[in-house]
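> Structural data only, the sequence is not supplied:
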């Protein structure tokens, strides 16, 4: 009996132990099921939805860019690409095999696909299989799409610039960001979203790009479309209208031709840019499609820097086109009047150093108007020394040098030197001889063609200060941010003296630009020539004879400059021209500027002007 009882107790303990273990296991299973189905329900529903639901983005139509008359200069062109979705990653190799039997892939494209598929594991989005497919390829894929799980035909836009290189520096260009995905939030990316990279495209990107839309679609386990779940349509970008006249822009570029340089025409009344030509240039359409590193490096290494926007970013010694600033400063500070004469014998001596005038024998006695007309260096050496560098720099800044206007024109990198500038940059004191160099637009002084044009406008507008403007309207709403602002920095009498001196540059026989005058009294041109040196002329060379520009290596030849306006009595148009290493401003830049002013009258007002003079 005792043994039987022990056996029963032993069996009972085993039954209880096994039962307890079963209960524990069952409880664990129940707990796990409860956690999965109740506690973590939302989590796993989300994971399920992510596998079942694809989020597609609708790329908005980018706004157009049009000229002052409404002609389209930047538009959108529809293109098609093949993409592959992460949700169908398990089918990739079989899908690619079928795809390569339908359309052709070159070795570069195949290698690119193999590299990109590795990224797809991590970014869990799209990869591009083939860009810019033809209509024939598109038709073949569309017919066979049901047998190509994960493959999408992606419709997108690229920019099309109808006037090519002529507007490149102003408009800029667009491109896709890396992997053709643009981040729009912390966890969402948009394939094929264009972004402005330069010029108007970049600065006004927020207006042009629009607002993306979203579409949720349900797919099955093979990644095939089942149904659309939701749709939020995209909103197109806004159209941007420029102040530039396309005919004027085309003419300026054609007139510049093979020269390296810049040509600007500005509305004298309000600062609107009517044309802004920079040569050499580039075709912005090359950036609309994928640009590989080799092609990009080729552009970067092209001679004469075609990517530089010379009218706005180009830095040059202004030469004698800076003399109106010095003249106005001398009048402002009461150091001279229009009739006081200074004698020029061909040089100006300071200490033991001679500073030479461009005219070896000298100009004799000259007043301010004649000194400006004949561009006498000795006269302006004298004025500069009387003024001192700080007064010259202050006057230049009052006339617009070094001024920030907006993001399009940017912060000028021009150099308007003064005593503090030299101390800060070289830890040296300013020297009087350096003031003489600045007095004729040389030395440390560097400026942009735009600054020279705005300076001209601020001299001829009776004390009114103009600001440059490139935008006429956004979605039809006029932009009036750059109205003329009255600032009484100078006496009107002083401004008129300098303006009259600029008239004599062209309209008197001894004026340096006498050959660029015109006979039409209703459209007389005034201005200032400039020739800036890029090399040092030694004393020995002066003794034996200065080498002519045409006999020098190209990079050592002078820059040719001209600033001007017309008509003299009621200025409507301002021009600034710089031709790199072209020689004399009077012989090279002034005739070109004359053509630009005449063209502005024709294209803006519809009035022809006879350019011939007796």
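Yep, it's here. Treat the numbers as computed from the prediction; the structure is a model and nothing was measured. Numbering: from 1, shown residues only.
> Based on its surroundings, how many neighbours for residue 444?
By other CB atoms under 10 Å, 18 other residues sit near residue 444. (C-beta placed from N, C-alpha, C; glycine too.)
> just checking, what packs against the strand or helix carrying residue 456?
Assessed by DSSP states H and E, residue 456 sits inside helix 449-460. Here helix 449-460 touches strand 261-267, helix 310-313, helix 323-332, helix 492-507, strand 559-566, strand 573-579, going by 3 or more CB pairs under 8 Å, 6 or more residues apart in numbering; DSSP states H and E.
> Pull the distance from it to the chain's centre.
On the basis of CA atoms, centre = their mean, to the nearest Å, helix 449-460 sits 21 Å off its chain's mean C-alpha point.
> Any figure for the gap between the spatially most central residue of the chain and residue 533?
Nearest to the centroid of the C-alpha atoms of the chain, with distances taken as CA atoms, centre = their mean, sits residue 199, at 2.8 Å. Distance of residue 199 to residue 533, given as CB to CB, to the nearest Å: 32 Å.
> again with residue 498
Using CB to CB, residue 498 is found at 24 Å from residue 533.
> Looking at the two, which is more packed in?
residue 498 (25 against 16).
> Just confirm that one contacts residue 326, I think it does.
No: here residue 498 lies out of contact with residue 326, judged by CB atoms under 8 Å, at a distance of 9.9 Å.
> So residue 323 is in contact with residue 374, correct?
No: counting by CB under 8 Å, residue 323 does not reach residue 374; the two are 10.8 Å apart.
> out of the two, which sits in the more crowded spot?
The neighbour comparison of residue 323 against residue 374 (other CB under 10 Å) goes to residue 323, with 29 against 22.
> could you pull out the helices for the stretch 301-450 of the chain?
In the stretch 301-450 of the chain, the helices defined using DSSP state H, counting those that start in this stretch lie at 310-313, 323-332, 368-374, 377-387, 389-398, 419-426, 432-439, 449-460.
> I'd like to know which of the ones you listed is closest to residue 544.
Closest approach to residue 544 among the helices of the stretch 301-450 of the chain (CB to CB): helix 377-387, 20.6 Å.
> helices and strands around the closest one, which ones?
Counting by 3+ CB pairs under 8 Å, 6+ apart, helix 377-387 packs on helix 323-332, strand 342-344, strand 347-350, strand 353-356, helix 368-374, helix 432-439.
> hmm, who's touching that helix?
The contact list for helix 377-387 (CB atoms under 8 Å, 6 or more residues apart in numbering) reads 320, 323, 326-327, 329-330, 333, 335-336, 342-348, 350, 355-358, 362-363, 366, 368, 371, 392, 432, 435-436, 438-440.
> If you go by neighbour count, which of those residues are buried?
With burial judged by 16 or more other CB atoms under 10 Å, the buried subset of these is 320, 323, 326-327, 329-330, 336, 342, 344, 346-348, 355-358, 363, 366, 368, 371, 392, 435-436, 438-440.
> JSON lines for the helices and strands packed on helix 377-387, including distance to residue 108 and mean pLDDT?
What follows is the helices and strands packed on helix 377-387, written out as JSON lines (distance: least, CB to CB, whole Å; pLDDT from 0 to 100):
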{"stretch": "helix 323-332", "distance to residue 108": "56", "mean pLDDT": "98"}
{"stretch": "strand 342-344", "distance to residue 108": "68", "mean pLDDT": "97"}
{"stretch": "strand 347-350", "distance to residue 108": "66", "mean pLDDT": "94"}
{"stretch": "strand 353-356", "distance to residue 108": "61", "mean pLDDT": "92"}
{"stretch": "helix 368-374", "distance to residue 108": "62", "mean pLDDT": "97"}
{"stretch": "helix 432-439", "distance to residue 108": "55", "mean pLDDT": "96"}
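> got these as CSV, with distance to residue 312 columns?
Listed next are the helices and strands packed on helix 377-387 as CSV, based on distance: least, CB to CB, whole Å:
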stretch, distance to residue 312
helix 323-332, 20
strand 342-344, 36
strand 347-350, 34
strand 353-356, 32
helix 368-374, 27
helix 432-439, 23
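> just wondering, since we're on residue 447, how far is it from residue 261?
From residue 447 to residue 261 the distance is 14 Å (CB to CB).
> Repeat that for residue 59.
The gap separating residue 59 from residue 261 is 39 Å, by CB to CB.
> So for those two, which residue has more residues nearby?
Set residue 59 next to residue 261 and count neighbours by other CB under 10 Å: residue 261 wins out with 27 against 20.
> Around the closest residue to the more buried one other than its chain neighbours, how many other residues sit close by?
Nearest residue to residue 261 in three dimensions, chain neighbours excluded: residue 579, at 4.2 Å (CB to CB, 6 or more residues apart in numbering). As a burial measure, residue 579 scores 24 neighbours (other CB under 10 Å).
> do the same with residue 385
17.
> for residue 268, same thing?
24.
> Residue 610 now?
Residues near residue 610, counting by other CB under 10 Å, number 10.
> Quick check: it vs residue 505, distance?
21 Å.
> Dump the helices of the stretch 301-450 of the chain to CSV, plus distance to residue 232.
Shown next, in CSV, are these (distance: least, CB to CB, whole Å):
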stretch, distance to residue 232
helix 310-313, 40
helix 323-332, 57
helix 368-374, 65
helix 377-387, 65
helix 389-398, 51
helix 419-426, 54
helix 432-439, 60
helix 449-460, 43
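> for those, which one sits closest to residue 237?
Closest among those, once you apply CB to CB, is helix 310-313, at 24.1 Å.
> any idea how far the closest one is from the chain center?
9 Å.
> what do you get for stretch 596-609?
That offset, for stretch 596-609, works out to 27 Å (CA atoms, centre = their mean).
> Please apply the same query to stretch 572-591.
Here stretch 572-591 is found 23 Å from its chain centre; the criterion is CA atoms, centre = their mean.
> how long is it end to end?
Distance between the two ends of stretch 572-591: 19 Å, counting by CA to CA, to the nearest Å.
> Equivalent analysis for stretch 585-595, please.
This stretch, stretch 585-595, spans 14 Å end to end (CA to CA).
> For that stretch, report the contacting residues that lie outside it.
With contact meaning CB under 8 Å, 6+ apart, stretch 585-595 is reached by 251, 255-256, 263, 319-321, 506, 512-513, 515-516, 518, 525, 527, 529-531, 560-564, 575-579, 582, 611.
> among those, which ones are buried?
For the contacts of stretch 585-595, buried by 16+ other CB under 10 Å: 251, 255-256, 263, 319-321, 506, 512-513, 516, 518, 525, 527, 529-531, 560-564, 575-579, 582.
> Sheet-wise, list the partners of the lengthiest strand in the chain with their directions.
Secondary structure of the chain per DSSP state E: the longest strand is strand 72-85. Applying DSSP bridges, strand 72-85 is found paired with strand 65-66 (antiparallel), strand 126-130 (antiparallel), strand 151-160 (antiparallel).
> Can you add distance to residue 233, mean pLDDT and mean neighbour count and give these back as a markdown table?
Converted to a markdown table, these look like this (distance: least, CB to CB, whole Å; pLDDT from 0 to 100; neighbours: other CB atoms under 10 Å):
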| stretch | distance to residue 233 | mean pLDDT | mean neighbour count |
| --- | --- | --- | --- |
| strand 65-66 | 23 | 97 | 22 |
| strand 126-130 | 20 | 80 | 23 |
| strand 151-160 | 14 | 84 | 19 |
